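Colleague: just coords:
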């Protein structure tokens, strides 16, 4: 398996919400990442896929909500988000895709 494939396994998709848009004003981008990924793995993946320099990586795990599916209780999956702060002068346009 190539390293590029591994980077795509670490970074699942960009998160485009109001909060993520507010973070982008401070030179940060928000990604959904694999639940078992580490901060150094996330930094390496973002730097190689987008050709930017990463200043810092902050992560958070959002626990899945308990919801009803056709009357039966079920649980949504847990989601790990990475707030990636970029060095000055680096940008990622998440609206265009890869």
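Modeller: Done, it's in. Because the structure is predicted, anything quoted here is derived from the model rather than measured.
Colleague: CA atoms for contacts and neighbours, from now on please.
Modeller: Will do.
Colleague: Which parts of the protein are helices?
Modeller: Listed in chain order, the helices of the chain (DSSP state H) span 3-10, 18-24, 39-50.
Colleague: By mean pLDDT, flag the weakest helix or strand of the chain.
Modeller: helix 3-10 (a mean of 82; mean pLDDT, DSSP states H and E).
Colleague: and it, which residues are buried?
Modeller: 7, 10 (16 or more other CA atoms under 10 Å).
Colleague: just the angle between that helix and helix 39-50, please?
Modeller: Orientation check (axes from the mean of the first three to the mean of the last three CA atoms, to 10 degrees): helix 3-10 against helix 39-50 gives 120 degrees.
Colleague: Tell me how far the residue positioned nearest the centre of the chain lies from residue 6.
Modeller: For the chain, the residue nearest the mean C-alpha position is residue 31 (1.6 Å; CA atoms, centre = their mean). Going from residue 31 to residue 6 by CA to CA, to the nearest Å gives 16 Å.
Colleague: can you check residue 68 too?
Modeller: Distance, residue 68 to residue 6, by CA to CA: 34 Å.
Colleague: what's the answer for residue 50, then?
Modeller: 14 Å.
Colleague: Identify the residue nearest residue 11 in space, chain neighbours excluded?
Modeller: In space, and not counting its chain neighbours, residue 11 is closest to residue 33: 4.5 Å by CA to CA, 6 or more residues apart in numbering.
Colleague: Spit out the contact partners of the closest residue to residue 44 other than its chain neighbours.
Modeller: Ranked by CA to CA, 6+ apart and with sequence neighbours excluded, the top spatial neighbour of residue 44 is residue 7, at 7.9 Å. By CA atoms under 8 Å, 6 or more residues apart in numbering, the contact set of residue 7 is 44-46, 49.
Colleague: export those to TSV and tack on neighbour count?
Modeller: Shown next, in TSV, are the contacts of residue 7 (neighbours: other CA atoms under 10 Å):
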residue	neighbour count
44	14
45	21
46	21
49	13
